[in-house]
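**Q** Curious how this folds, go ahead:
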Amino acid sequence: MDDIVFKKIIREDEIETLQNRESTIGGFSYRYDGDTLALLKRNFHRDGSLYLMARQGDDFVAFVSADTDWWEPDCYFLREIFVNPAYQGYGVGEKLVKACIGHARKNHAKAMVTETAFENLPMQKLCESNGFEKWNNPEWKEGITYRLDLA
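**A** Here you go, the predicted model:
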């Protein structure tokens, strides 16, 4: 796994790599569809956004995005994280989350937040292992919101 390369996405069309990628872990399934890609593209150009893709040779390994589209000022939103099922369990998600946290700190964010489905246990573990805490989000009740204070 040492030959996995993490690269910042610099062109919006690179997001198309995610089209129809899917994963099922336990009772949670996720698939990238046109609506999700459109949302990612809308937020791609926000000031301070970070979109990273991981590859091993020509193989897609993982993707993460963080941006400032959050209703609270000076907060980053960890919008998406996706690890190809063949690469899960090797710490790739951990590296991507840490890169987003570092990016938010570098941009003087006071917090980073993320939302996940109740059944997405791997994401919940990833959040908690990186210091995020469950947060009562008055704007969203369809899953769990996590918050990491950075200030």
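**Q** residues in contact with residue 142?
**A** If you count contacts by CB atoms under 8 Å, 6 or more residues apart in numbering, residue 142 has them with residue 117. Every residue, glycine included, has its C-beta placed from N, CA and C.
**Q** scratch that, residue 51
**A** Residues in contact with residue 51, defined by CB under 8 Å, 6+ apart, are 8, 9, 14, 15, 40, 44, 63, 64, 65.
**Q** Selection in PyMOL covering whichever of those are buried, please.
**A** Only the buried entries of those go into this PyMOL selection, using 16 or more other CB atoms under 10 Å:
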select buried, resi 9+15+40+44+63+64+65
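**Q** tell me which of the contacts of residue 51 is nearest to residue 81?
**A** residue 64 (4.6 Å; CB to CB).
**Q** for the residue nearest to the closest one when sequence neighbours are not counted, helix, strand, or coil?
**A** Sequence neighbours aside, residue 96 is the residue nearest to residue 64 in space, at 3.9 Å (criterion: CB to CB, 6 or more residues apart in numbering). Three-state call for residue 96 (DSSP: H, G, I helix; E, B strand; the rest coil): helix.
**Q** hang on, the earlier thing: determine which two of the contacts of residue 51 are furthest apart.
**A** Largest pairwise distance in those, by CB to CB, is 14.3 Å, between 8 and 40.
**Q** follow-up on the earlier one: for the residue nearest to residue 64, what are its contacts?
**A** So residue 96 contacts 6, 52, 54, 62, 63, 64, 81, 83 (CB under 8 Å, 6+ apart).
**Q** I'd like the contacts of residue 51 as JSON lines, with distance to residue 100, secondary structure and pLDDT appended.
**A** Below are these laid out as JSON lines (distance: CB to CB, whole Å; DSSP: H, G, I helix; E, B strand; the rest coil; pLDDT from 0 to 100):
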{"residue": "8", "distance to residue 100": "12", "secondary structure": "strand", "pLDDT": "97"}
{"residue": "9", "distance to residue 100": "13", "secondary structure": "coil", "pLDDT": "97"}
{"residue": "14", "distance to residue 100": "17", "secondary structure": "helix", "pLDDT": "96"}
{"residue": "15", "distance to residue 100": "16", "secondary structure": "helix", "pLDDT": "96"}
{"residue": "40", "distance to residue 100": "14", "secondary structure": "helix", "pLDDT": "95"}
{"residue": "44", "distance to residue 100": "15", "secondary structure": "helix", "pLDDT": "96"}
{"residue": "63", "distance to residue 100": "12", "secondary structure": "strand", "pLDDT": "97"}
{"residue": "64", "distance to residue 100": "6", "secondary structure": "strand", "pLDDT": "98"}
{"residue": "65", "distance to residue 100": "8", "secondary structure": "strand", "pLDDT": "97"}
